[in-house]
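Asker: predicted model follows, preceded by the sequence.
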Amino acid sequence: MPGYVEDRWYTKRPDPKTGKRRKTARHGQGKRYRVAGIPGIRDRSFTTLTGPSGANAWLAKAQHESTKGEFIDPRDGNITLRDYVESTWWPALKADPATLETVKSRVWSHILPTLGETKLRDIKVATLRIWLKALEKSVAAGTANAVWGYLSNILSFAIDDERITRNPCKAKTIKAPTAPEQKARAWTRGRVMTVRAELYSRYQILVDIGVGAGYRQGEAFAIDVDLDIDEVAGVLHIRRQVKRVAGKLVYAPPKGGKERTVPMPPYLAAQIRSHQKAFPPQQVTLPWRDPRPPETKKEAEERKPRTHRLLVTNSDGGAIRAWSFNQHYWKKALAAAGVIEAPAYDRKLRNIPYGDTREFGFHSLRHTYASVQLDARESVVSVSKWLGHADPAITLRVYAHFMPEADGRGRTAMEAWFAGRDSKKISPDPPQAPHAEEPAPGVEPPGVRLDPRRTSAAASPAEPQLST
């Protein structure tokens with residue numbers, strides 16, 4: 001097996017006169033032993049020859065792991081986390097531009113300030129326990145969960161790049177932060193109509209679209225009246241959304257890139273026609289997916305601006321910014337409808353602080369749409385398709401409590417059982433087998449085979465042998 005240990009303080013051949021090994025020019029300088037000669041592995045120096053951290057032990061380990069193709073030089077982990085993120089992980093990360101903005105903000109805000117100057121090889125489980133405890137004290141549980149996932153992804157990249165051998169985020173003794181479960185809540189018809197009435201008239205159609213077709217907010221902002229509304233077929237096509245990337249608005253594919261078609265109720269069709277008469281559609285041109293200057297011809301083609309005649313625009317005839325709509329129109333309508341508490345008005349404050357209103361966001365209309373469909377016993381597969389979920393299992397996980405079968409039928413069945421009206425379906429006692437006549441000696445009862453060595457059942461009191 002290739003590889004050897006060299007003693008750099010003494011010559012390999014002894015002195016022919018004395019028979020002793022001679023000292024080299026570097027005797028007493030630096031580490032004495034060097035492991036070399038293993039293909040594809042850099043030489044490494046050691047102070048001692050034997051022992052768990054000596055040259056011989058490392059040589060054996062390196063030879064074994066290199067033969068299996070699993071050798072990772074621990075010196076490659078000397079790079080700091082910050083240098084690795086900036087030089088290797090971040091340039092190779094793939095996601096849509098808006099997601100990349102979120103990832104960068106959280107990594108640079110919550111990971112690198114604390115762990116950035118730590119070498120990859122020195123990030124241990126004990127280090128992460130202390131860091132995670134401080135993180136959970138400073139941010140919400142959902143954010144902590146996301147940041148932990150980003151760090152784990154970085155270290156997994158480092159394993160694949162042969163910088164480290166294991167990911168400390170996956171240790172059994174450290175518990176990843178848990179994102180709080182947020183149960184979808186539907187609104188009553190009264191609340192929907194009250195909020196709609198309090199909303200600026202130009203934007204009231206958005207309520208109809210959200211609750212009538214299950215649109216996400218950005219998708220509702222991007223409806224093209226010429227391409228997406230088909231009154232003859234009675235459907236709406238969801239092909240894009242308006243979102244903010246690098247501070248600018250762009251058109252982008254729907255979430256997950258899943259275009260879809262949803263049924264359009266006659267009431268919603270009538271509301272859309274009425275809205276167009278009051279607020280004529282406007283042509284709006286925006287970049288596709290990314291507003292930043294392209295660096296290649298391919299990027300220039302992919303980011304080429306697109307023009308759509310939008311159903312809903314702002315007062316200036318432009319695309320709607322989600323933050324501006326939520327802060328200046330949606331929350332104001334919620335407060336006027338009594339859904340949230342109205343804050344004290346302060347003329348000095350440009351943006352009125354309404355506090356955390358995520359529970360009552362535009363997405364509540366989408367939840368209401370799902371609840372109405374499932375309550376009417378519409379197919380979960382169909383509802384999942386209309387909502388744009390990747391899998392019906394997601395729909396069930398989020399909206400199962402909206403289904404009448406979730407407790408209605410079961411509650412009725414149990415009530416009937418306790419009342420004794422349905423005793424045939426559910427019985428607490430196992431059925432009793434009827435008493436059969438005892439078989440005559442030597443006669444084999446059903447399901448039982450007698451031991452052939454016995455002449456009769458009466459010849460031996462032993463229990464019969466069951467057939468196999």
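Answerer: Yep, that arrived. In this text the structure is predicted, and so the values were computed from the model without any measurement.
Asker: and stretch 37-54, what's buried?
Answerer: Neighbour counts over stretch 37-54 (16 or more other Cβ atoms under 10 Å) mark 38, 41, 44, 46, 54 as buried. (Each C-beta comes from the backbone N, C-alpha and C, glycine too.)
Asker: and that stretch, how far out from the chain middle?
Answerer: The chain centre lies 43 Å from the centre of stretch 37-54; the measure is Cα atoms, centre = their mean, to the nearest Å.
Asker: stretch 24-39 now?
Answerer: Using Cα atoms, centre = their mean, the offset of stretch 24-39 from its chain centre is 50 Å.
Asker: ok, for V147, nearest residue in space, not its chain neighbours?
Answerer: H110 (4.7 Å; Cβ to Cβ, 6 or more residues apart in numbering).
Asker: where's that neighbour relative to R358, distance?
Answerer: From H110 across to R358, the span is 20 Å (Cβ to Cβ, to the nearest Å).
Asker: show me where the stretch 151-300 of the chain has helices.
Answerer: 189-198, 204-213, 217-220, 266-278, 297-302 (DSSP state H, counting those that start in this stretch).
Asker: now those helices in TSV, with mean pLDDT and mean neighbour count?
Answerer: Converted to TSV, the helices of the stretch 151-300 of the chain look like this (pLDDT from 0 to 100; neighbours: other Cβ atoms under 10 Å):
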stretch	mean pLDDT	mean neighbour count
helix 189-198	94	16
helix 204-213	95	24
helix 217-220	97	24
helix 266-278	95	14
helix 297-302	92	11
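Asker: adding distance to P2, write those helices out as CSV.
Answerer: Formatted as CSV, the helices of the stretch 151-300 of the chain follow (distance: least, Cβ to Cβ, whole Å):
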stretch, distance to P2
helix 189-198, 75
helix 204-213, 68
helix 217-220, 60
helix 266-278, 74
helix 297-302, 46
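Asker: may I ask you to confirm that R185 is in contact with E359?
Answerer: Yes: counting by Cβ atoms under 8 Å, E359 is a contact partner of R185 at 7.1 Å.
Asker: in contact with V381, which residues?
Answerer: P392 (Cβ atoms under 8 Å, 6 or more residues apart in numbering).
Asker: now do S384
Answerer: So S384 contacts 391-392, 394-395 (Cβ under 8 Å, 6+ apart).
Asker: just confirm it is within a helix.
Answerer: Yes: membership of S384 in a helix is supported by DSSP: H, G, I helix; E, B strand; the rest coil.
Asker: ok, now how distant is Y84 from E301?
Answerer: Per Cβ to Cβ, Y84 is found 33 Å from E301.
Asker: I394 now?
Answerer: From I394 to E301 the distance is 33 Å (Cβ to Cβ).
Asker: so what's the residue count around the nearest residue to A335 once chain neighbours are set aside?
Answerer: Closest residue in space to A335, ignoring its immediate chain neighbours: A342 at 3.9 Å, by Cβ to Cβ, 6+ apart. Other residues within reach of A342, judged by other Cβ atoms under 10 Å, total 13.
Asker: in a strand, A342, correct?
Answerer: No: read with three-state DSSP, A342 is coil and lies in no strand.
Asker: need phi/psi at it.
Answerer: Per-residue torsions, A342: phi -80, psi 130 (degrees, to the nearest 10).
Asker: how much space between it and L112?
Answerer: 40 Å.
Asker: cool, and E378?
Answerer: When E378 is compared with L112 (using Cβ to Cβ), they lie 48 Å apart.
Asker: same thing with V383?
Answerer: V383 is 42 Å from L112, by Cβ to Cβ.
Asker: looking at the two, which one has more neighbours?
Answerer: More crowded of V383 and L112, by other Cβ under 10 Å: V383, with 25 against 15.
Asker: tell me who's in contact with the residue lying closest to P177 once chain neighbours are set aside.
Answerer: In this structure, P177 finds its nearest non-sequential neighbour in A144, 4.0 Å apart by Cβ to Cβ, 6+ apart. By Cβ under 8 Å, 6+ apart, the contact set of A144 is 132, 135-136, 177.
Asker: ok, now with 7 Å
Answerer: 135-136, 177 (Cβ atoms under 7 Å, 6 or more residues apart in numbering).
Asker: let me know the closest of the residues you listed to E101.
Answerer: Nearest to E101 among these: L135, at 20.4 Å, using Cβ to Cβ.
Asker: the closest one against H110, yeah?
Answerer: Yes: the pair formed by L135 and H110 meets the contact definition of Cβ atoms under 7 Å, at 6.2 Å.
Asker: higher neighbour count, those two?
Answerer: Remark: of L135 and H110, H110 carries more neighbours, 22 against 19, as counted by other Cβ under 10 Å.
Asker: list the contacts of that one.
Answerer: Taking Cβ under 7 Å, 6+ apart, one finds 135, 139, 147 in contact with H110.
Asker: these in strands, which ones?
Answerer: Using DSSP state E, no member of the contacts of H110 falls within strands.
Asker: from the residues you listed, which land in helices?
Answerer: 135, 147 (DSSP state H).
Asker: in CSV, list the contacts of H110 along with pLDDT and distance to W330.
Answerer: As requested, the contacts of H110 are exported to CSV (pLDDT from 0 to 100; distance: Cβ to Cβ, whole Å):
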residue, pLDDT, distance to W330
L135, 94, 31
V139, 91, 25
V147, 95, 28
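Asker: where in this structure is pLDDT low?
Answerer: 1, 40, 58, 65-77, 344-353, 355-356, 401, 403-415, 418, 420-468 (pLDDT under 70).
Asker: strands of that one, start to end?
Answerer: 4-7, 10-14, 21-23, 33-36, 44-46, 229-230, 235-238, 241-245, 248-252, 260-263, 282-286, 306-310.
Asker: sheet partners, orientation included, of the second one?
Answerer: In this case it means strand 10-14. strand 21-23 (antiparallel) (DSSP bridges).
Asker: residues contacting the partner strand, please?
Answerer: 9-11, 14-15.
Asker: what's the answer for stretch 248-257, then?
Answerer: 96, 216, 219, 222, 238, 240-243, 286-291, 306, 319, 321, 388, 390.
Asker: in it, what counts as buried?
Answerer: Here stretch 248-257 shows 249-255 as buried, counting by 16+ other Cβ under 10 Å.
Asker: so what's the gap between that stretch and the chain middle?
Answerer: The answer for stretch 248-257 is 19 Å, by Cα atoms, centre = their mean.
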